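Enquirer: Give me the fold of what follows.
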Amino acid sequence: MNGSKSICLTTAASGPRSPKQLIEFSEQQGAELRRLAGTGLTERLDPLSLADQFRIMVIDPDQLSSLSDYDREIITGLSGKDWSGGAWPMPDGSLLVMLNPNQTPERRNVTLMEEIAHQHLGHPPSCLRRKEDGTWERSYDKVVEEEAYWTAAAALLPRRIVGKAVWERCTAANLAQKYGVSVELVEFRIKTLNLWPHYNAYRLDTADTSM
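Expert: Below is the predicted model:
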């Protein structure tokens, strides 16, 4: 991969939705992904259980023999915030997904679920290109990325699970540990489901009690 090369990533363009429409869309698609995985309404979803159904092979950078040492060093040096994962459509119709190893297992679950959501929603690939200074730059479509991330989030943490957790005054950290996702994803779901005022109220109460 010397010179000007690109890595294909799954993204696509679809019509913009209102927040309410996006919530309903992601809940429906998330529920469908859980159905395909054979996961119950309140069970923990393992994204790997869907990989075979979507003909996805999951690898780390060290497993991709076509990468030069130089490119491998650059990619493995990126933080999860800079680059979390990418996907290559293969000639046989399958998808090769490479995950950044510099992520927690919880964040890897979210990243893989997002790539599965892209595949499920039929998003065509965009590209991650290496710039002249050796860094990587990814084309970005906000509408598409929201669609995939919200769907992945809803699949990992359906509305029923989040609502019950807030009702029972569960912390984001505990819910994240139980379902194998990041705390950031839990808080994202609480906020998008308009439960943050309720969660924040008892979270502050707990903090006051512990002082």
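
Enquirer: which intervals of this structure have sub-threshold pLDDT?
Expert: 1-16, 63-68, 71, 73-83, 125-130, 135-140, 205-211 (pLDDT under 70).

Enquirer: C-terminal to the longest helix seen in it, which secondary structure element comes first?
Expert: Ranked by residue count, the top helix of the chain under DSSP state H comes out as helix 19-37. Later in the chain than helix 19-37, the nearest helix or strand by DSSP states H and E is helix 48-51.

Enquirer: Any figure for the gap between the closest residue in space to A31 that isn't next to it in sequence and W167?
Expert: In space, and not counting its chain neighbours, A31 is closest to P158: 6.7 Å by C-beta to C-beta, 6 or more residues apart in numbering. Quick note: C-beta positions are derived from backbone N, CA and C, even for glycine. Distance, P158 to W167, using C-beta to C-beta, to the nearest Å: 14 Å.

Enquirer: more crowded one of those two?
Expert: P158 (22 against 10; other C-beta atoms under 10 Å).

Enquirer: what comes up buried for the longest helix of the chain?
Expert: L22, I23, F25, S26, E27, Q29, G30, A31, L33, R34, A37 (16 or more other C-beta atoms under 10 Å).

Enquirer: show me the contacts for the first one.
Expert: It refers to L22. Remark: with contacts taken as C-beta atoms under 8 Å, 6 or more residues apart in numbering, L22 is in contact with E146, E147, W150.

Enquirer: again, but for the last one
Expert: Contacts for A37 (C-beta under 8 Å, 6+ apart) come out as L45, D46, S49, L50, Q53.

Enquirer: Could you verify my assumption that P101 touches P61?
Expert: Yes - if you go by C-beta atoms under 8 Å, P101 and P61 touch, sitting 6.8 Å apart.

Enquirer: between the two, who's got more neighbours?
Expert: P61 (19 against 13).

Enquirer: Against R55, how distant is that one?
Expert: 21 Å.

Enquirer: all strands of this protein, in order?
Expert: 6-10, 56-59, 85-89, 95-99, 125-130, 136-138 (DSSP state E).

Enquirer: Can you say which of the contacts of A37 are buried?
Expert: L45, L50.

Enquirer: Please convert the contacts of A37 to JSON lines, extending it with distance to R72.
Expert: Formatted as JSON lines, these follow (distance: C-beta to C-beta, whole Å):
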{"residue": "L45", "distance to R72": "31"}
{"residue": "D46", "distance to R72": "28"}
{"residue": "S49", "distance to R72": "29"}
{"residue": "L50", "distance to R72": "27"}
{"residue": "Q53", "distance to R72": "30"}
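
Enquirer: just the contacts of A37 now: which is nearest G163?
Expert: Nearest to G163 among those: L45, at 16.9 Å, using C-beta to C-beta.

Enquirer: Tell me who's in contact with that closest one.
Expert: L33, R34, A37, T39, M113, A155, L156, Y179.
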